[in-house]
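1. predicted model follows, preceded by the sequence.
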Amino acid sequence: MSTRSIDFIFMLTKDDQTVTDARAYIKEIASEGVKHMGFKDIGLPLNELKEITKDLRNEGVKVYLEVVSLDAESEKRSAKIAIDLNVDYLLGGTRPELIAPIVKDHKLKYYPFVGQIESHPSILKGTITEIANHAQQISAIDGVDGLDLLAYRFTGKDVPLLIREVCKKSTKPVIVAGSIDSKERIEVVKTTGASGFTVGTAAFGMKFPSIKAGIAGQVQSILEMNA
């Protein structure tokens, strides 16, 4: 696999929920050159998510909503919110057979979670073979445009192999989400076949070495690692 740059999606989230002051960061992050930004379906009320979406649109970035709710009703509600907000991508959720029919006539791209997802913050369970086979199965569903892989929340050992196998078995693009907090992890994601990755908590936790202070420095650092 090449070490080309892939889509870097900045998530306005920490510990699997949208940060309360998300709007305060949007302009700063976008001005560093980020083209993809998103938030979760929990952490803020719908009226504030609408304001965030409006701000993101004003910056000309692609807008992502990631579902972390674990029950069916919440997942359906989040899919309807994604349509209502008119986001570009709906990530996450564990019931593509339920959600794909709701969203398939909307222009948003739908990337459900692959594998067995449990608890909050989410973890990924199962063997690499099981998860890869699941990727093959759900990527074939009409209305599924790609997959959301929580590779670094995997309870198994070989994350690079997991990403490679999922990308190989999936007939659609794969975004790697969750716990990407180092240059090493970004390199793995870039070289194992994924089409993009998300960073949220690690940037708000100032995990990346940077010369510039604050979130702008974190973003600059991640963009350089992805270059």
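-> Perfect, I can see it now. Residues are numbered from 1 along each chain as shown.

2. gap between D158 and H134?
-> Per Cβ to Cβ, to the nearest Å, D158 is found 17 Å from H134. To be clear about C-beta, it is placed using only N, CA and C from the backbone, and glycine gets the same treatment.

3. does T94 count as helix, strand or coil?
-> Under DSSP: H, G, I helix; E, B strand; the rest coil, T94 falls in the coil class.

4. contacting residues for it?
-> L70, E75, P112, F113, I117 (Cβ atoms under 8 Å, 6 or more residues apart in numbering).

5. which strand or helix spans K168?
-> helix 159-169 (DSSP states H and E).

6. who does that helix touch, helix- and strand-wise?
-> helix 128-139, strand 147-149, strand 174-176, helix 183-191 (3 or more Cβ pairs under 8 Å, 6 or more residues apart in numbering; DSSP states H and E).

7. got the CA coordinates for the last one in PDB?
-> Presented in PDB, the C-alpha positions along helix 183-191 are these (Å, rounded to 0.1, in the frame of the first residue of the first chain):
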ATOM      1  CA  LYS A 183       2.100   9.500  14.200                       C
ATOM      2  CA  GLU A 184       2.500   5.700  14.200                       C
ATOM      3  CA  ARG A 185      -1.200   5.100  14.200                       C
ATOM      4  CA  ILE A 186      -1.700   7.600  11.400                       C
ATOM      5  CA  GLU A 187       1.000   5.800   9.400                       C
ATOM      6  CA  VAL A 188      -0.700   2.400   9.900                       C
ATOM      7  CA  VAL A 189      -4.000   3.700   8.800                       C
ATOM      8  CA  LYS A 190      -2.400   5.400   5.700                       C
ATOM      9  CA  THR A 191      -0.600   2.200   4.600                       C
END
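
8. now stretch 114-134: mean pLDDT?
-> For stretch 114-134, the mean per-residue pLDDT is 95.

9. what does stretch 5-22 give?
-> Per-residue scores along stretch 5-22 average to 96.

10. which parts of this structure are strands?
-> 7-11, 13-14, 17-18, 36-40, 62-67, 89-92, 109-111, 116-118, 123-125, 147-149, 174-176, 196-199 (DSSP state E).

11. just send these back as JSON lines, with mean neighbour count and distance to I163 too.
-> Converted to JSON lines, the strands of the chain look like this (neighbours: other Cβ atoms under 10 Å; distance: least, Cβ to Cβ, whole Å):
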{"stretch": "strand 7-11", "mean neighbour count": "23", "distance to I163": "15"}
{"stretch": "strand 13-14", "mean neighbour count": "20", "distance to I163": "21"}
{"stretch": "strand 17-18", "mean neighbour count": "21", "distance to I163": "25"}
{"stretch": "strand 36-40", "mean neighbour count": "25", "distance to I163": "19"}
{"stretch": "strand 62-67", "mean neighbour count": "25", "distance to I163": "18"}
{"stretch": "strand 89-92", "mean neighbour count": "27", "distance to I163": "16"}
{"stretch": "strand 109-111", "mean neighbour count": "24", "distance to I163": "15"}
{"stretch": "strand 116-118", "mean neighbour count": "16", "distance to I163": "16"}
{"stretch": "strand 123-125", "mean neighbour count": "18", "distance to I163": "11"}
{"stretch": "strand 147-149", "mean neighbour count": "28", "distance to I163": "7"}
{"stretch": "strand 174-176", "mean neighbour count": "28", "distance to I163": "6"}
{"stretch": "strand 196-199", "mean neighbour count": "26", "distance to I163": "10"}
